[in-house]
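> Got a sequence here, can you build the structure:
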Amino acid sequence: MTQQHPDLEAEQQRIDFAYECLERSRDDAWRMRNLHEGTLGGTFQARYERDVFDEAVVNRLTQLDLGDAALVFGRIDRYTESPDTVESFHIGRLAVADQQSDPVVVDWRAPVAEPFYRATGRDTMGLARRRHFAVHGRKLLGIEDELFGEGHLGVGTEDESVVGHQHGGDPSTNGDGRVTGNGQPGAGLRGYSTLLAALARGRTGQLGDIVATIQAEQDEIIRSPQPGVLVVQGGPGTGKTVVALHRAAYLLYTYRFPLEDQGVLVIGPNRVFLRYIDRVLPSLGEAGVEQVVLADLVPDVDWARYAIDPVDPPLAATTKGDIRMARVIDQAVADRERALREDLVVPFRTGYLRMRAEESVRIVRGAQRRFRRHNAARRHVESELWGALAASWREPVTVAEVRDAVRTLPDIRAALERMWPVLTPAQLLHDLFGSKALLKLAAHRHLDEREYLALHRPRHDDVADVRWTDNDVALLDEARSYLGPRPTRSTVGSGRADEADEIRTYGHIVIDEVQDLTPMQLRMVSRRSLNGSMTVVGDIAQATGALAPNDWDDVLRHLPDQKPSRVIGLSVGYRIPEQIMALANRVMMAATPSLRAPTSVRSGDEHPEFVSVPDGRLLDAVVAATRDMEAEIGDGNIAVVVPDSMFDRVSDVLAAAGVTHGRATRTGLDMGITVVPVSVVKGLELDGVVVVEPAAIVREEQQGLRALYVALTRSTRRLTIVHAEPLPAAMS
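So this is what the prediction gives:
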């Protein structure tokens, strides 16, 4: 039994007091809101000011709502100007003050809290002691102390390393007193026992924050300067996703104005992943961050219909991701700006109006010179057309008289549609991909015949019936950038545009699994950057996209370059036990021999288990392996990771066997057991994983070995591989 820390009761009282202050702040905010709700009506200015105030109060109430998250998780004691005295700060999820406005808890993002994450034995940053709390909600379970250097609080050592002591009643910590920085397990890690306790907790189906256990290399990334593109390279289990989200929260705290108005955008690889991470930022008090997949940024397509199917053939997927497609789409827009083949003649009063074909050449070329975006020039083309027709009449006549008389004539509408049609991105690509002639016209100078013919697909009668693919998203967005907003019926001729077509920009953008984005997708994201400030995270070894990069230069050349970019690596794997990582590393070395794997800081209880069965018994073995893992894991979270082609079959056989489970594409990881297609497993973490038929994963995925590497690195505790086919050579 571990000895109770002598300060446990006093620290519990401090935590209780902090919660009392938090409740008082929440009550004050509600009172302020209720006062303003009673003053309805008034002038426009008064209503506007009331709405702004109410929004601020609601934001504050959101920040103060912690749910089940712990408010306080640590404390630092630092020396003052007098070497014999120290001052203490309790570090927590958000700042809390007492009735005299004195700080009770310091926000983890505040400058004064930085030594809690960064101090080492070599650079104490003025600390005498760093204290970690093992907490569950409001209850303090244990305390782990790290003492720095010499002094009345510290224990001096020859190399001035940190001495750690852990006490308390938390059964998940071992209380053996660890020394960090000397080559033992946990060397260089802050709050090692607290960290291991956090890692040992069961998964909940949603990613949790790491605000209490951020390590020094992670904190360096989180607090990095805002300008420019920051690339975070991290292998499985290094925490790169959660670090990027904490960085977004830190930047919003540090640069609240103007970043809150400019907006922060988080882009994930798929909706399963977004559902998995959606509680991290709210738990840090930042509920206003927009979290999307790329398709959400294209507003006029119902992407919910195309979550998985249809999928492009490999050559079409690769071609659509190639940066040359930007020039193809540019040319496709230009091909829709055409002079008339013959003179336009229309009836007017007792005679006819005429615009010669050569005059239409002048109009089209003039519009191309004057306007950067296609749809913006439509009004100009119409005005020039009315003017040319009016000039052809034998008597003086106003342009307005001509316009009102002929604008509804079929020949006029046909002429405008030929010269300068108003187009949506979907209409442009539907026409382009539905015609081999248009494809050749737009692409023959940029793509070879095999490539542009791979883009062809049957044309539909209605563009609303087109089934777009994920690879079309960036192409639709590229088309929007050339076309611009389209005038609506009420705005044609007024110069105003449909605001839904405007491309919004953001003050900071976070991209997860960036290694899977194609050059066209990276170009799409860059278009939304207001100032070039981005945090992009990924792992080259896990690149499974159509155009997998060889190094980070392949990614950076398509991102903003207003400021110099930086690449920072995460070297420590926190999530994956070393036994599982050893197996995965063999696959990684076969897939990407030039890369280094992260170093695991924890050892698991068991080695990966292999279940080999005869052909025809695979699905029965999957059911058995899933049941065995459920018995071992208990209340933990389990994924059955399958080749995409086996997704429905495995789910059906589990259901037939009475195994209650979810399907990741519908329920996320909300169920205890979830069947997950390998194409969407990236970024997730589970207590236990059953990987089904590795050879099929390698065979079916474009980057097969890398996809298998991803599948093998999702588990925090147990891994079982079930197969009927021979295992890939890299696993033997």
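
> Hmm, residue 678 is touching residue 712, no?
No: counting by Cβ atoms under 8 Å, residue 678 does not reach residue 712; the two are 10.5 Å apart. The C-beta positions use only the backbone N, C-alpha and C, and glycine is treated the same way.

> Let me know the helix or strand that the closest residue to residue 398 other than its chain neighbours is in.
Leaving aside its sequence neighbours, residue 398 sits nearest to residue 390 (Cβ to Cβ, 6 or more residues apart in numbering; 7.0 Å). Here residue 390 sits within helix 378-391, counting by DSSP states H and E.

> so how far is that helix off the chain centroid?
Here the centre of helix 378-391 is set off from its chain's centre by 47 Å, with Cα atoms, centre = their mean, to the nearest Å.

> same deal with stretch 560-576?
The answer for stretch 560-576 is 15 Å, by Cα atoms, centre = their mean.

> average pLDDT across whatever helix or strand residue 15 lives in?
According to DSSP H and E, residue 15 maps onto helix 8-37. Summarised as a single mean, pLDDT over helix 8-37 is 81.

> coming back round to it: burial count for the residue nearest to residue 398?
19 (other Cβ atoms under 10 Å).

> Need the CA coordinates for stretch 461-481. PDB is fine.
Written as PDB, here are the backbone C-alpha positions of stretch 461-481 (Å, rounded to 0.1, in the frame of the first residue of the first chain):
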ATOM      1  CA  ASP A 461     -29.800  14.500 -67.500                       C
ATOM      2  CA  ASP A 462     -29.600  16.600 -64.300                       C
ATOM      3  CA  VAL A 463     -26.500  17.700 -62.600                       C
ATOM      4  CA  ALA A 464     -28.200  17.000 -59.200                       C
ATOM      5  CA  ASP A 465     -28.100  13.300 -60.000                       C
ATOM      6  CA  VAL A 466     -24.300  13.200 -60.400                       C
ATOM      7  CA  ARG A 467     -22.500  11.000 -57.800                       C
ATOM      8  CA  TRP A 468     -19.300  12.900 -57.000                       C
ATOM      9  CA  THR A 469     -16.300  11.200 -55.300                       C
ATOM     10  CA  ASP A 470     -14.000  12.500 -52.600                       C
ATOM     11  CA  ASN A 471     -11.400  13.200 -55.300                       C
ATOM     12  CA  ASP A 472     -13.800  15.600 -56.900                       C
ATOM     13  CA  VAL A 473     -14.000  17.900 -53.900                       C
ATOM     14  CA  ALA A 474     -10.800  19.800 -54.700                       C
ATOM     15  CA  LEU A 475     -11.700  20.000 -58.400                       C
ATOM     16  CA  LEU A 476     -15.100  21.500 -57.500                       C
ATOM     17  CA  ASP A 477     -13.400  24.000 -55.300                       C
ATOM     18  CA  GLU A 478     -10.800  24.800 -58.000                       C
ATOM     19  CA  ALA A 479     -13.600  25.500 -60.400                       C
ATOM     20  CA  ARG A 480     -15.300  27.800 -57.800                       C
ATOM     21  CA  SER A 481     -12.000  29.800 -57.500                       C
END
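
> Pull out the buried positions in that stretch.
Within stretch 461-481, the residues scored as buried using 16 or more other Cβ atoms under 10 Å are 463, 466, 468-481.

> Check stretch 395-403 too.
397, 399, 402-403.

> Next: stretch 289-304.
So stretch 289-304, judged by 16+ other Cβ under 10 Å, has buried residues 289, 291, 293-298, 300-301, 303.

> Name the residues that touch it?
With contacts defined as Cβ atoms under 8 Å, 6 or more residues apart in numbering, stretch 289-304 is touched by 248, 252, 263-271, 274, 277-278, 281, 424-426, 468, 470, 473-474, 476-477, 480, 500-501, 506, 521, 524-525, 528.

> Quick one: buried ones out of these?
Here, 16+ other Cβ under 10 Å leaves 248, 252, 263-271, 274, 277, 281, 424-426, 468, 470, 473-474, 476-477, 480, 501, 506, 521, 524-525, 528 buried among the contacts of stretch 289-304.

> Give me the subset of those lying in helices.
By the criterion of DSSP state H, membership of the buried ones among the contacts of stretch 289-304 in helices covers 248, 252, 271, 274, 277, 281, 425-426, 473-474, 476-477, 480, 521, 524-525.

> Nearest to residue 658, out of these: which one, please.
residue 271 (28.2 Å; Cβ to Cβ).

> ok, back up a step: return the list of helices and strands in contact with the helix holding residue 15.
helix 44-64, strand 72-79, strand 86-92, strand 96-97, strand 103-107, strand 127-136, strand 139-147 (3 or more Cβ pairs under 8 Å, 6 or more residues apart in numbering; DSSP states H and E).

> Give me the sheet partners of the fourth one and which way each runs.
Using DSSP bridges, the neighbouring strands of strand 96-97 in the sheet come out as strand 103-107 (antiparallel).

> now the strand it pairs with and helix 8-37, what's the angle there?
90 degrees (axes from the mean of the first three to the mean of the last three Cα atoms, to 10 degrees).

> what comes into contact with strand 103-107?
So strand 103-107 is contacted by 14, 17-18, 21, 71-72, 89-98, 112-113, 253 (Cβ under 8 Å, 6+ apart).

> cutoff 7 Å now
Here strand 103-107 makes contact (Cβ atoms under 7 Å, 6 or more residues apart in numbering) with 17-18, 21, 71-72, 89-92, 94-98, 112-113, 253.

> CA atoms only for that strand, dumped as PDB, please.
As requested, the backbone C-alpha atoms of strand 103-107 are provided in PDB (Å, rounded to 0.1, in the frame of the first residue of the first chain):
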ATOM      1  CA  PRO A 103      -5.900  33.900  -9.000                       C
ATOM      2  CA  VAL A 104      -6.900  30.500  -7.600                       C
ATOM      3  CA  VAL A 105      -6.100  28.500 -10.800                       C
ATOM      4  CA  VAL A 106      -3.900  29.600 -13.600                       C
ATOM      5  CA  ASP A 107      -4.900  28.700 -17.200                       C
END
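
> after it, next one along is what?
Next along from strand 103-107, by DSSP H and E: helix 114-118.

> could I get that following helix in PDB with only the CA atoms?
Taking Å, rounded to 0.1, in the frame of the first residue of the first chain, the C-alpha atoms of helix 114-118 are listed here in PDB:
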ATOM      1  CA  GLU A 114       5.000  27.200 -19.100                       C
ATOM      2  CA  PRO A 115       7.500  25.800 -16.600                       C
ATOM      3  CA  PHE A 116       5.000  23.100 -15.600                       C
ATOM      4  CA  TYR A 117       5.500  21.600 -19.000                       C
ATOM      5  CA  ARG A 118       9.100  22.600 -19.900                       C
END
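
> ok now it, how far from the chain's centre?
Taking mean C-alpha positions (Cα atoms, centre = their mean), helix 114-118 and its chain are 26 Å apart.

> same for it, what does it pack against?
Helices and strands touching helix 114-118, by 3 or more Cβ pairs under 7 Å, 6 or more residues apart in numbering; DSSP states H and E, are strand 72-79, helix 216-222.

> Try it again at 10 Å.
With contacts taken as 3 or more Cβ pairs under 10 Å, 6 or more residues apart in numbering; DSSP states H and E, helix 114-118 sits against strand 72-79, strand 86-92, strand 127-136, helix 216-222.

> Export those as JSON lines, with columns for distance to residue 517, mean pLDDT and mean neighbour count.
What follows is those, written out as JSON lines (distance: least, Cβ to Cβ, whole Å; pLDDT from 0 to 100; neighbours: other Cβ atoms under 10 Å):
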{"stretch": "strand 72-79", "distance to residue 517": "35", "mean pLDDT": "92", "mean neighbour count": "23"}
{"stretch": "strand 86-92", "distance to residue 517": "36", "mean pLDDT": "93", "mean neighbour count": "20"}
{"stretch": "strand 127-136", "distance to residue 517": "37", "mean pLDDT": "91", "mean neighbour count": "23"}
{"stretch": "helix 216-222", "distance to residue 517": "20", "mean pLDDT": "92", "mean neighbour count": "21"}
